[in-house]
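Asks: Just the structure for this:
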Amino acid sequence: MAPEQILVLEKILLPHGGKGLDSVPHPNFTDTRVIEYLRRHGRVFDKRGLVIHRLANENCHWNVSDLIAWDDYRWDNYRIAHGFALGTNGLWYHHSWGCSGSHIVETCPVDGQGRVEYFGFEFPIGVSVNATHGGLGDELERLGFLNGVYPSES
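Replies: I've put the predicted structure just below:
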């Protein structure tokens with residue numbers, strides 16, 4: 001990840017806590033289009049009512065894709081959230097989690113718990129569940145989500 005991308009992400013994340021960003025880059029957050037989308041649409045997710053749904057440890061991006069697949073891709077019960085989670089060590093890590101109603105669905109708990117804080121955005125409906133692994137900028141552009149106007153609003 002380029003130093004300027006790290007600085008932009010830290011400006012977005014550090015006001016919500018923590019001391020820095022994990023150094024392992026995720027393909028989606030090396031894409032300036034996704035960083036800008038995070039800046040414009042990212043939010044802190046409320047941890048009240050957090051649900052632990054343990055799946056394969058350290059595989060959060062696959063896990064949330066599986067949640068949608070198990071729901072027959074209806075997006076009725078689960079949605080994908082993508083962004084960063086704050087660890088107890090004060091570092092923000094690239095992370096994906098599920099949402100069900102207003103609740104976070106954590107598929108990779110640490111010590112049986114959720115993270116300190118969650119900051120990100122929900123995938124707009126229509127974005128491929130596989131975009132948690134990379135290619136999110138292309139998906140957002142293809143569907144017209146990068147101009148700030150959702151296709152249903154135009």
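Asks: Distance of Ser100 relative to Tyr93?
Replies: 22 Å (CB to CB, to the nearest Å). All C-beta spots, glycine's among them, are computed from the backbone N, C-alpha and C.
Asks: Ok, Pro27 next?
Replies: 15 Å.
Asks: Counting neighbours around each, name which of the two comes out higher.
Replies: It is Tyr93, of Pro27 and Tyr93, that has more neighbours when counted by other CB atoms under 10 Å, with 18 against 15.
Asks: Just checking: what are the partner strands of the helix or strand hosting that one?
Replies: Taking DSSP states H and E as the criterion, Tyr93 maps to strand 91-100. The pairing partners recorded for strand 91-100 under DSSP bridges are strand 20-21 (parallel), strand 79-86 (antiparallel), strand 103-106 (antiparallel).
Asks: Just confirm Gly42 contacts Glu117, I think it does.
Replies: No: the criterion here is CB atoms under 8 Å, and Gly42 misses it with Glu117 at 11.9 Å.
Asks: what bridges to the residue nearest to the spatial centre of the chain?
Replies: For the chain, the residue sitting closest to the mean C-alpha position, by CA atoms, centre = their mean, is His82 at 1.0 Å. Using DSSP bridges, the beta-bridge partners of His82 come out as Ser96, Phe121.
Asks: what's the helix or strand bottoming out on mean pLDDT in the chain packed up against?
Replies: In the chain, no helix or strand scores lower on mean pLDDT, DSSP states H and E than helix 60-70, which sits at a mean of 84. Under the contact criterion of 3 or more CB pairs under 8 Å, 6 or more residues apart in numbering; DSSP states H and E, helix 60-70 touches strand 79-86, strand 91-100.
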